[in-house]
Each structure stands twice: as C-alpha cells, then as structure tokens.
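A.B. asks: next one to model:
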Amino acid sequence: MKLVLFLILLSIQMTYSQNMKPNEEVKRLVELGKDYIIKQALKKLNELETSKIKKEDFHFITIKASDQRILIEFGYNVLYLPKNSSYYSDILVELPSRNASKGTVSNGSANTTFYKPTSEHLKVINFLLNPNKTNTDIFNKGIRYSQTIIYEEEQQYVVDFSSRDPYEGGSFSKEEIDKETGEVLSTISGHYEPAPIFPEDAIDQEKFIEIKD
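C.D. replies: As a prediction, the model looks like this:
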C-alpha cells in the first residue's frame, strides 16, 4: 500500500506544470498560515467521518504548496494493528479543490477507521519499541518519520519498518518477535533503489515549498 500511495503522489506531482497561471486562492491560503490551512483540511475530513478528528490524533502534519495547490498530509509514524483491524495509514487533502485520499493498512479486516490507539495498543508498542523505557517520544510527534507498522499474529508480532525517498532510495526491515518473551524469531532487511529520473520529469515536475508558519 505504501508503494501504491507513493506512485499516486508521484503521479499527482507530475500532473501540473509550472507554466500555469498562479492560483490566487492558493496564495490567499498560504498568507492565512499553517493553522488556518490545517483547520480547512480537517473540516473536509470531518465531513467524511462520523467521529470527530482532531489534529492531535496524528503524529505529524506536513503542508506543501506550489503555485497551483496545497497538499496537507496527516500521518502516523507508528501503527499497531491487532488481529482483524484496519486503519488509515496516510491521509492527503488537497486545497483549494478539497480532494482527499486515504491510504490503508489492514490486518484481516475491511472496516477501516482512523487510528486512535487504546491503552492496550500503547502497551504492545512500548513492549516492542521501547523495552528499556528510555524513549520519551516513541512516536516522534510533530516530525514526519520513517513509518513502523506492527501486526499482531497468533504467536508473534511482525514489526515492519520502511524508509523510502522517491529519489534517494531507502531501507526496510521486518522482524518477527515472540509475543510472550520479546525474542526476535526472524529478521530480514534490505534497501530500495532510487526511482529513475527522466529528462521530461525535470521539466514537468511541480515545485513545492513546505509551509511551516
């Protein structure tokens, strides 16, 4: 699913051209600032959901703007999926069009919801990722970090880590960990190759800047 989302984002970024007339609504939104943009994006998401979604529910929010549109990404750095669960893993809202897309990760369920970890979820996450209880910010709140997804299975947890940059490559690893003892049962790891850049990409790729204020 992460590969699919990456290809979607890459395809979106190639759709627009820098030769288009700058969008005045984009300029107005950028001038109103980050907090206002996030509120507008959350308003769109809450129109699609029955439960109230707040910016605090996410581990990070990033905002990028070109002269044609603004992309607001809501995401999680760590997700725990018990058996028979499914959550949105990446949420993207585009302004001013107000289009929204949501990537998903599933562990045996088709009923996908926004991720709101319970105390039991947090207990498992800390057992696997913070066994010495020395990490005070296990979710890297406020920073877009390489995503870790934990799947519950019958006898073990599967910890799936992935770090990918479209033009620089990245790395991945997957560990199976005993549910009772915390023993690592198996592990695999590897690297992603950078995506090829073709001459026409350098011309047509949409240019974004991050909005931090």
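A.B. asks: what about the helices in this structure?
C.D. replies: Ranges of helices within the chain are 2-13, 24-32, 34-48, 119-129, 199-204, based on DSSP state H.
A.B. asks: check which residues of the fourth one are buried.
C.D. replies: So the one you mean is helix 119-129. Judged by neighbour count (16 or more other Cβ atoms under 10 Å), helix 119-129 contains these buried residues: 121, 124-125, 128-129. In this view, the C-beta of every residue, glycine as well, is placed from N, C-alpha and C.
A.B. asks: contacts for it?
C.D. replies: 78, 80, 82, 117, 133, 135, 138, 148, 150, 152, 157, 159, 177, 182 (Cβ atoms under 8 Å, 6 or more residues apart in numbering).
A.B. asks: could you dump that helix to PDB, C-alpha only?
C.D. replies: The C-alpha coordinates for helix 119-129 follow below in PDB (Å, rounded to 0.1, in the frame of the first residue of the first chain):
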ATOM      1  CA  SER A 119      -4.000   1.700  26.300                       C
ATOM      2  CA  GLU A 120      -3.600  -1.900  25.200                       C
ATOM      3  CA  HIS A 121      -2.200  -0.700  21.800                       C
ATOM      4  CA  LEU A 122       0.300   1.500  23.700                       C
ATOM      5  CA  LYS A 123       1.300  -1.400  25.900                       C
ATOM      6  CA  VAL A 124       2.300  -3.500  22.900                       C
ATOM      7  CA  ILE A 125       4.100  -0.700  21.200                       C
ATOM      8  CA  ASN A 126       6.200   0.100  24.200                       C
ATOM      9  CA  PHE A 127       6.900  -3.700  24.700                       C
ATOM     10  CA  LEU A 128       8.300  -3.900  21.200                       C
ATOM     11  CA  LEU A 129       9.800  -0.500  20.500                       C
END
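A.B. asks: for Ser66, list the residues it contacts.
C.D. replies: 16, 26, 206-209.
A.B. asks: would you single out the least confident of the helices of the chain?
C.D. replies: If you rank the helices of the chain by mean pLDDT, helix 2-13 sits at the bottom with a mean of 48.
A.B. asks: and the buried residues of helix 119-129 as a markdown table, adding distance to Leu45?
C.D. replies: Shown next, in a markdown table, are the buried residues of helix 119-129 (distance: Cβ to Cβ, whole Å):
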| residue | distance to Leu45 |
| --- | --- |
| His121 | 21 |
| Val124 | 27 |
| Ile125 | 24 |
| Leu128 | 29 |
| Leu129 | 27 |
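A.B. asks: how close does Asn23 get to Ile61?
C.D. replies: Distance of Asn23 to Ile61, given as Cβ to Cβ, to the nearest Å: 21 Å.
A.B. asks: now stretch 98-112: buried residues?
C.D. replies: 100, 102-103, 105-107, 112.
A.B. asks: between those residues, which sits nearest Gly170?
C.D. replies: Gly103 (17.0 Å; Cβ to Cβ).
A.B. asks: check the residue nearest to Glu73 when sequence neighbours are not counted and give its pLDDT.
C.D. replies: Excluding its sequence neighbours, the residue lying closest to Glu73 (Cβ to Cβ, 6 or more residues apart in numbering) is Thr62, at 4.8 Å. Here, the pLDDT recorded for Thr62 equals 96.
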